[in-house]
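# Fold the following, please.
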Amino acid sequence: MGGNGSVKAAMVEAAPCAAMVLVEGSIIGLTIMASTAMARGMSPFVFVVYTNILGSILLLPYCFFYQRERSEDAVFTLKFMVRVFLLGLIGITIAQNLAFVGLSYSSPIVACGMANQIPAFSFILGIILRTIKFDWKRSGSQARVIGTLISFAGAISVTLYRGPTIRSHSSPSLSAAPPRLFVFLAPHENWVLGCLLFAASSFTLAIWNILQVGTVKMCSNVMKIISFYSLFGTMQSAVVALFFEKNPSAWRLELNFELLVIVLTAIFSSLIRTKVLIWCTRWKGPYFVPAFKPFGIPYASTFGCLLFADTFHIGSMIGAFLCGMGYYTVLWGEIKENEAQRLDDSRNGSSTAEKVPLLHDKDSGEV
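As a prediction, the model looks like this:
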């Protein structure tokens with residue numbers, strides 16, 4: 001009995017880790033599928049609109065029916081609606097459009113690398129807005145500065161140095177190879193532009209993270225906040241897409257691969273991933289989910305090396321890994337800083353509200 005109990009306890013402890021590994025793997029898989037859909041001619045603006053329309057429909061019940069708020073929750077007030085409107089504008093309309101347009105010019109490995117810039121951008125914004133207490137004497141502050149520099153070095157490396165491909169284009173076996181089912185590198189690539197768009201998306205999501213902390217304090221029901229800002233973001237994205245895509249054929253849907261990607265992306269992003277992230281955060285704490293974010297880099301690198309070796313560049317992989325190292329360094333420094341802050345608060349008899357994002361981005365450059 002004791003042995004069975006220990007095995008069961010180990011499985012329960014391992015479940016959140018397994019869930020996050022599967023989530024990050026699914027994100028990369030769907031990102032590659034989205035890259036393929038856009039390589040086949042689908043507009044990234046239309047893709048954002050359709051995935052969010054379906055996602056908003058799936059989330060609509062949370063707006064009005066599920067999980068009643070506590071008496072102090074301020075829902076359906078002007079201040080709350082303005083906040084979720086801004087969350088939709090920043091997190092969906094701006095960030096997602098920048099990310100998917102960037103994907104149409106580059107590749108999923110860039111999405112992985114640039115998504116890991118968010119903690120560095122958040123740290124810089126925190127210093128500018130004076131929401132972070134910076135002390136050079138503390139190891140946490142030092143780690144966050146070093147991690148930020150490593151992250152930016154990785155981003156610059158991804159942008160400016162691609163290096164040789166894993167396998168040469170001139171290989172005889174490649175010339176006779178049939179067309180691929182999936183596309184990793186955009187056929188009409190503009191690598192620098194794609195990297196800059198992804199960086200802009202990550203910076204936007206850093207702003208989004210700051211805004212959502214105050215929103216969670218107004219409404220404890222995270223799913224309800226997500227459903228509202230998804231609805232606003234969908235409407236705003238539709239306006240943007242109508243401005244950029246005036247060709248009616250760009251909006252036509254058929255029973256094909258592109259529709260499959262839209263449906264899978266919407267279901268995964270709006271329901272599956274959101275539920276898993278909230279569950280893991282409540283079960284394992286606020287730093288558990290962010291710790292798995294760089295896992296997308298080895299996933300993308302493995303897929304790139306094995307399946308897309310003639311279009312996957314060694315320099316891109318090295319730069320993305322540098323971004324991941326910077327991410328973990330900044331995250332470690334943030335943990336140390338929060339521990340020191342809690343210790344100071346306990347000595348002073350006060351408490352500090354948790355500033356780790358609870359509404360994890362709907363994905364930062366990925367699906």
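# List the contacts of stretch 144-152.
With contact meaning C-beta atoms under 8 Å, 6 or more residues apart in numbering, stretch 144-152 is reached by 116-117, 119-120, 123-124, 322-323, 325-334, 337. In this view, the C-beta of every residue, glycine as well, is placed from N, C-alpha and C.
# Go ahead and build a PyMOL selection from the buried members of those residues.
Buried residues within those, by 16 or more other C-beta atoms under 10 Å, are selected in PyMOL with:
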select buried, resi 116+117+119+120+123+124+322+323+325+326+327+328+329+330+331+332+333+334+337
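# longest helix of the chain?
For the chain, the longest helix by residue count, based on DSSP state H, is helix 2-39.
# so what's residue 38 up against?
44, 47, 100, 103-104, 186.
# For these, work out which two are farthest apart.
Pairwise distances across the contacts of residue 38 peak at 13.6 Å for 47 and 186 (criterion: C-beta to C-beta).
# ok, these two, which is more surrounded?
Legend: neighbour count by other C-beta atoms under 10 Å for residue 47 and residue 186, higher for residue 47 (26 against 21).
# And the next helix or strand past the helix or strand hosting residue 243?
Using DSSP states H and E, residue 243 sits in helix 222-244. Next helix or strand after helix 222-244 toward the C-terminus (DSSP H and E): helix 257-267.
# Show me what that following helix is in contact with.
30, 33-34, 36-37, 40, 42, 47, 50-55, 58, 253, 367.
# what mean pLDDT does that helix have?
Per-residue pLDDT over helix 257-267 has a mean of 96.
# now that helix and helix 2-39, what's the angle there?
140 degrees (axes from the mean of the first three to the mean of the last three C-alpha atoms, to 10 degrees).
# Could you export helix 257-267 as PDB, CA atoms only?
Extracted in PDB, the C-alpha atoms of helix 257-267 (Å, rounded to 0.1, in the frame of the first residue of the first chain):
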ATOM      1  CA  PHE A 257      -5.800  22.800 -44.100                       C
ATOM      2  CA  GLU A 258      -6.100  26.500 -43.300                       C
ATOM      3  CA  LEU A 259      -9.600  25.900 -41.600                       C
ATOM      4  CA  LEU A 260      -8.200  23.000 -39.600                       C
ATOM      5  CA  VAL A 261      -5.400  25.200 -38.300                       C
ATOM      6  CA  ILE A 262      -7.900  28.000 -37.300                       C
ATOM      7  CA  VAL A 263     -10.100  25.500 -35.400                       C
ATOM      8  CA  LEU A 264      -7.200  23.800 -33.600                       C
ATOM      9  CA  THR A 265      -5.600  27.100 -32.700                       C
ATOM     10  CA  ALA A 266      -8.800  28.600 -31.400                       C
ATOM     11  CA  ILE A 267      -9.700  25.600 -29.300                       C
END
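# now stretch 135-148: mean pLDDT?
Computed over stretch 135-148, the average pLDDT equals 89.
# now swap in stretch 164-180 and tell me
For stretch 164-180, the mean pLDDT works out to 59.
# on that earlier part again, got the buried residues for the longest helix of the chain?
Buried, per 16+ other C-beta under 10 Å, within helix 2-39: 16, 19-20, 23-39.
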